[in-house]
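S.K.: Give the three-dimensional model of this entry:
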Amino acid sequence: MQYRDDQRSGGALSVLGFGCMRLPRTGGRIDLDKTESLVRQAVTGGVNYFDTAYMYPGSEEAVGAVLARTGLRDKVNLATKLPHGRCQKTEDFERIFTEELRRLQTDHIDFYLIHNLPTCARWERVVALGIKDWIAEKKASGQIRRIGFSFHGSLGDFETVLDAYEWDFCQIQYNYSDDNYQAGVTGLRKAHAAGLPVIIMEPLLGGKLATSLPDKARALQTAVHPDWSAARWGFSWLWDQPEVTVVLSGMNAPEQLTDNLAAAEAAAPGMLGEREQRTIEQVREVFRESYKVPCTGCNYCMPCPHGVNIPGCFAGYNASYTNGLMEGFKTYYMSTTLDAQGRRSSARSCQKCGTCETKCPQRIAIMSELEQARKRMEPFWSRPVLKIVNKFM
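M.R.: Numbers count the residues shown, from 1 in each chain. Just a heads-up that it's a prediction; the model follows:
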């Protein structure tokens with residue numbers, strides 16, 4: 001494992017961090033035994049940064065339980081997040097934080113984030129509720145060691161938020177599919193220049209850069225490094241940049257973790273040569289041509305009031321371009337045939353209420369994109385097919 005300095009505290013952070021939004025599940029619930037096995041493997045491999053959030057269903061409880069029963073809490077930096085949208089009065093900060101400590105079975109949080117600050121106006125709202133004094137109190141007591149924010153918004157907003165407070169670190173979405181999206185490379189470099197460790201989320205665009213690359217793009221990669229996985233290409237592009245501190249990966253299988261740990265052993269600024277950089281550029285162009293909707297499958301838009309499986313719709317829609325129409329149909333129909341209440345969960349059920357668009361951190365025009373998905377994935381002849389499939393679901 002390679003490590004990079006936390007410029008604020010002087011500590012060393014593993015270049016590979018464990019993102020806990022997509023922990024392994026069995027029967028719809030997080031599988032604690034599988035999670036424990038992954039956590040043990042990760043810590044043994046040198047991973048010392050674990051990232052969860054109040055809003056990730058079941059994640060804080062699972063992480064807390066595993067760290068407690070393995071005795072590994074003091075060997076890792078634990079990060080979680082405050083859902084500022086749920087804070088309507090000053091007391092809410094303490095109420096939610098106390099609940100997080102209980103879930104995580106700990107008495108302090110090493111890296112605490114204000115979750116998803118898309119604009120400075122959102123920060124000013126909680127400032128008016130007294131969050132600065134609350135943070136100061138928690139840092140003085142040692143319950144919060146470092147304070148930061150995660151970001152989904154425009155570059156201009158990122159720069160404003162960055163300058164609005166004396167942050168200890170920040171977390172941004174960043175990957176090679178679009179290095180100028182949201183905070184982008186400019187925001188990354190500005191945060192680094194300000195002395196902040198920068199934590200990278202969605203380094204593989206919700207796994208799309210690992211599992212959904214067009215065949216042409218994957219062939220370009222294997223021609224250069226036959227032994228590199230698609231995921232390793234994505235991580236290496238990030239680790240090549242000295243401004244990147246930790247790259248989070250939502251690992252939920254041993255083979256993913258094994259591959260990522262092996263890649264992290266070679267992580268170093270400037271690790272990619274001219275040939276690798278040129279290949280990344282070529283892959284980026286192929287991917288952009290075929291990938292239609294930048295949905296990461298984060299599920300922030302869910303549940304839909306009308307039962308639409310929004311991420312499932314976009315997964316099938318994108319797959320129809322990246323992996324062929326028939327594979328797209330398969331993904332689409334398996335994801336959107338019926339929801340838990342027996343309702344059709346395809347794009348056709350969208351009522352254009354707009355609830356999803358207010359929650360999407362990617363600022364996707366979901367209603368419009370669902371209409372495009374419906375036109376492509378639900379042609380007139382698909383209705384009888386759906387009826388047949390429904391009988392067997």
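S.K.: and the closest residue in space to A62 that isn't next to it in sequence, how many neighbours?
M.R.: Nearest residue to A62, sequence neighbours excluded (Cβ to Cβ, 6 or more residues apart in numbering): I30, at 4.3 Å. (Each C-beta comes from the backbone N, C-alpha and C, glycine too.) Using other Cβ atoms under 10 Å, I30 has 22 neighbouring residues.
S.K.: Is I30 in contact with E60, as I believe?
M.R.: No - under the criterion of Cβ atoms under 8 Å, I30 makes no contact with E60, lying 10.4 Å away.
S.K.: Let me see the contact set for the residue most central in space within the chain.
M.R.: By Cα atoms, centre = their mean, the chain has its centre lying nearest to E202, at 4.1 Å. If a contact means Cβ atoms under 8 Å, 6 or more residues apart in numbering, then E202 has Q173, Y174, N175, T296, C298 as its contacts.
S.K.: and this structure, what are its domains?
M.R.: As assigned by automatic domain parsing, the chain contains the domains 3-288, 310-391.
S.K.: Which of these comes out lowest on mean pLDDT?
M.R.: If you rank the domains of the chain by mean pLDDT, domain 310-391 sits at the bottom with a mean of 78.
S.K.: The lengthiest helix in the chain: which residues count as buried?
M.R.: When the chain is parsed with DSSP state H, its longest helix is helix 274-290. Buried positions in helix 274-290, judged by neighbour count with 16 or more other Cβ atoms under 10 Å: E276, T279, I280, V283, R284, V286, F287, S290.
S.K.: Dump the domains of the chain to a markdown table, plus distance to C304.
M.R.: Shown next, in a markdown table, are those (distance: least, Cβ to Cβ, whole Å):
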| stretch | distance to C304 |
| --- | --- |
| domain 3-288 | 16 |
| domain 310-391 | 6 |
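S.K.: thinking again about what came up before, among the contacts of E202, which one has the most neighbours?
M.R.: Ranked by the number of neighbours (other Cβ under 10 Å), the contacts of E202 place Y174 first, at 27 neighbours.
S.K.: Just read off the phi/psi values of the closest residue to that one other than its chain neighbours.
M.R.: Leaving aside its sequence neighbours, Y174 sits nearest to I200 (Cβ to Cβ, 6+ apart; 5.0 Å). When read as degrees, to the nearest 10, the backbone of I200 gives phi -100, psi 120.
S.K.: Report the contact partners of I200.
M.R.: Going by Cβ under 8 Å, 6+ apart, I200 touches Q171, I172, Q173, Y174, N175, L238, V244, V246, V247, L248.
S.K.: hmm, 6 Å instead?
M.R.: Contacts here follow Cβ atoms under 6 Å, 6 or more residues apart in numbering; on that basis I200 touches Y174, L238, V244, V247.
S.K.: Over to the last one. Which of the three states is it?
M.R.: Using DSSP: H, G, I helix; E, B strand; the rest coil, the secondary structure recorded for V247 is strand.
S.K.: which residues sit in contact with it?
M.R.: Counting by Cβ under 6 Å, 6+ apart, V247 has contacts I200, P203, F235, L238.
S.K.: likewise the second one?
M.R.: The neighbours of L238, taking Cβ under 6 Å, 6+ apart as the test, are I200, P203, V244, V247.
S.K.: Any chance of TSV for those residues, columns distance to V224?
M.R.: Listed next are the contacts of L238 as TSV, based on distance: Cβ to Cβ, whole Å:
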residue	distance to V224
I200	23
P203	19
V244	21
V247	21
